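Asks: coordinates for the following, if possible.
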Amino acid sequence: MPGHILIIDDDRELAGMLGEYLSREGFGVTSAPDAEAAASALAAREPDLVILDVMLPGRSGLDLLRDLRATRPRLPVLMLTARGDPVDRIVGLELGADDYLPKPFDPRELAARVRAILRRTPSPGAADAGGGSGTAAAAPNDTPLQCGPLLLDPRRRRAALRGTQLELTGAEWRVLLCLAQVADAPVERGALTQQALGRKLALYDRAIDTHVSNLRRKISAAGGGVQIRAVRGSGYELIEDGAA
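Replies: Residues are numbered from 1 along each chain as shown. I've put the predicted structure just below:
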């Protein structure tokens with residue numbers, strides 16, 4: 001599973017420490033201190049995952065994330081945020097980050113987050129372009145799933161609404177897939193976090209809620225027909241519009 005990681009962080013000491021740790025864990029690592037260096041690194045080699053700090057000199061990490069989502073919608077991105085600043089975390093998730101980790105953190109936890117994301121993300125070229133990243137392990141088989149006008153193709157990792165493809169990030173695809181597997185039945189937030197993000201739900205963790213919000217927005221923009229309904233005291237369920 002180990003792949004190539006691009007670390008974008010202007011804290012060279014931290015980036016060096018993370019690079020050494022991830023290298024010992026079997027990953028290839030490239031570091032870039034700012035958006036310009038990151039662009040050069042991306043042009044030289046496509047990484048399997050990006051670790052991106054919010055605070056960068058010049059263009060911020062959030063600006064760079066916007067660019068990455070516009071040009072590489074399926075490239076996994078793990079954001080590094082300042083502890084105690086939930087705004088950056090929510091904005092990063094809304095812009096399409098797969099997950100976040102507040103500083104300071106234990107390098108072992110970062111490595112675990114990286115592995116969890118990569119386990120659920122196909123290698124470059126493993127799926128047709130579009131529709132977001134996914135994983136064969138997220139579904140028991142490759143049988144297409146349908147809920148009303150929404151069709152999910154796990155083999156090709158595509159989600160389409162009335163034939164129109166939804167452009168989803170890897171995390172959004174996995175959340176939608178988990179819900180579609182048990183359409184019309186609620187899935188607890190903790191179970192969604194474990195299945196889609198590969199980690200336990202933490203106190204005050206709003207990552208799943210933000211991914212669901214992004215999915216709702218994209219489904220609505222595509223014309224609706226299905227909805228992700230919040231179930232009080234439980235989690236979320238995927239239902240067809242008009243369902244009881």
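
Asks: and the strands in this structure, which stretches?
Replies: Applying DSSP state E to the chain gives strands spanning 4-8, 28-32, 49-53, 77-82, 99-103, 145-147, 150-153, 158-161, 164-165, 187-188, 226-231, 235-240.

Asks: how about the last one: buried residues?
Replies: Think strand 235-240. Using 16 or more other CB atoms under 10 Å as the test for burial, strand 235-240 gives 235-239. Heads up, the C-betas are built off the backbone N, CA and C, glycines and all.

Asks: what's the answer for the first one, then?
Replies: Along strand 4-8, the positions that meet the burial threshold by neighbour count (16+ other CB under 10 Å) are 5-8.

Asks: if we can go back for a sec, to Leu201, which of the strands of the chain lies closest?
Replies: strand 187-188 (8.6 Å; CB to CB).

Asks: ok, that closest one: who's next to it in the sheet?
Replies: strand 235-240 (antiparallel) (DSSP bridges).

Asks: and for the lowest-mean-pLDDT helix or strand in the chain, what's in contact with it?
Replies: The helix or strand of the chain with the poorest confidence is helix 86-94; it has a mean of 85 (mean pLDDT, DSSP states H and E). The contact list for helix 86-94 (CB atoms under 8 Å, 6 or more residues apart in numbering) reads 54, 61-62, 65, 79, 81-82, 100, 102, 204, 206-207, 210-211, 213-214.

Asks: ok, now with 10 Å
Replies: 52, 54-55, 60-62, 65, 77-83, 85, 97-102, 169, 171, 204-211, 213-214, 217 (CB atoms under 10 Å, 6 or more residues apart in numbering).
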